[in-house]
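Asker: Here is my input, please return the structure:
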Amino acid sequence: MSNGNAGGSLRRFYVVFAVVAAVGLGAVGYSVLGKARGSAVSVPVDLAGAVDGQELFEMAVPVTIGDEDAPATIIVFADYLCNHCSIFALQIKPLVEETFVATGQARLVYYDWPLNPTLGSFLAARAARCAGDQGQFWEYHWVLMRNQLTWGRLEDKIPTFEDYAEDLGIDRGEFRGCLNSDRHAQEITANMQLAQNLRLGGTPTILIGTGDGQSRRLPDYSFQTIQAVMEEILGG
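Answerer: Numbers count the residues shown, from 1 in each chain. Next comes the predicted model:
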């Protein structure tokens, strides 16, 4: 089982998304906001021109956990400043991991979707990915979701993000170097564009699919709904 693995083979996910996005994926047309003050990129970046569907999938690197060969894929699009995303991360995701990921029934695939990037959620997404560079994406993800009402109010979030990293035993200097750069900005921007192209309604959005083309966009993020769809897709 992989824990916090970014990337890997995404070919099996193309079919899932292709069915969900019946309207098709067009060229990238994201409005690039540019670079924020200082060296830490906290807003979407240029994706180097128009990108077709498959190229966008390749750029929109998710973070995954679970067996690549699991029969089902549970896909999550979430925002670090979304209170419902916090509920999902702190209460529902542990149940999903225990019930479906740990048992090999599903792989969890996480995509960042900062709905209000200038308020700090884009920088938070980069911070979690920087923590992931040191093998602690999910631990940092939990801390951000648990403390969103604290760091979300801060004008300068970087020192607090560094404190969170240090509290987890992450090398502060290495983390700072990652955060004060543009590292991971491209994949997070591509994550956002993927969500827009799929015409998702908001966060958190949960999709469940299989490699044979069956897929479902869930009406809510409750564990009961996830469990019911998993049982239906996997034949009980």
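Asker: so where do the helices sit in the chain?
Answerer: 11-20, 53-59, 83-87, 93-96, 121-132, 137-146, 148-151, 158-167, 172-179, 185-197, 223-233 (DSSP state H).
Asker: now this structure, which segments are flagged as low pLDDT?
Answerer: 1-38, 49-52, 213-214, 236 (pLDDT under 70).
Asker: Find the residue at the geometric middle of it.
Answerer: Centroid-nearest residue in the chain, with CA atoms, centre = their mean: residue 111, separated by 2.3 Å.
Asker: surely it meets residue 60?
Answerer: Yes - using CB atoms under 8 Å, residue 111 is in contact with residue 60, at 6.7 Å. In short, each C-beta sits where N, CA and C put it, glycine included.
Asker: Give me the common contacts of the two.
Answerer: Shared contacts of residue 111 and residue 60, defined by CB atoms under 8 Å, 6 or more residues apart in numbering, comprise 191, 194.
Asker: How far does stretch 204-215 stretch from one end to the other?
Answerer: 17 Å (CA to CA, to the nearest Å).
Asker: chain center to that stretch: distance?
Answerer: How far stretch 204-215 lies from its chain's middle: 15 Å, per CA atoms, centre = their mean, to the nearest Å.
Asker: mind starting the numbering at 5 from now?
Answerer: Yes, from this point I'll number from 5; that puts the last item at stretch 208-219.
Asker: Give the buried residues for that stretch.
Answerer: 208-215, 219 (16 or more other CB atoms under 10 Å).
Asker: And stretch 74-85, by the same measure?
Answerer: 74-85.
Asker: repeat for stretch 198-206
Answerer: 198-199, 201-202, 204.
Asker: how about a markdown table for the residues you listed, with distance to residue 126 added?
Answerer: Shown next, in a markdown table, are these (distance: CB to CB, whole Å):
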| residue | distance to residue 126 |
| --- | --- |
| 198 | 15 |
| 199 | 13 |
| 201 | 18 |
| 202 | 19 |
| 204 | 17 |
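Asker: Just give me the neighbour total for residue 106.
Answerer: Residues near residue 106, counting by other CB atoms under 10 Å, number 14.
Asker: Please apply the same query to residue 87.
Answerer: Residue 87: 13 neighbours (other CB under 10 Å).
Asker: hey, what's the residue nearest to the centre of the chain bridged with?
Answerer: When bridges are called by DSSP bridges, residue 115 pairs up with residue 81.
Asker: how close does it sit to residue 192?
Answerer: Here the criterion is CB to CB, to the nearest Å. By it, residue 115 lies 9 Å from residue 192.
Asker: who touches the closest residue in space to residue 150 that isn't next to it in sequence in this structure?
Answerer: Distances taken as CB to CB, 6 or more residues apart in numbering place residue 94 nearest to residue 150, at 6.3 Å, with adjacent residues excluded. For residue 94, the contact set (CB under 8 Å, 6+ apart) comprises 146, 149-150.
Asker: CSV please, covering these and showing neighbour count and distance to residue 181.
Answerer: Formatted as CSV, these follow (neighbours: other CB atoms under 10 Å; distance: CB to CB, whole Å):
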residue, neighbour count, distance to residue 181
146, 18, 23
149, 22, 24
150, 13, 25
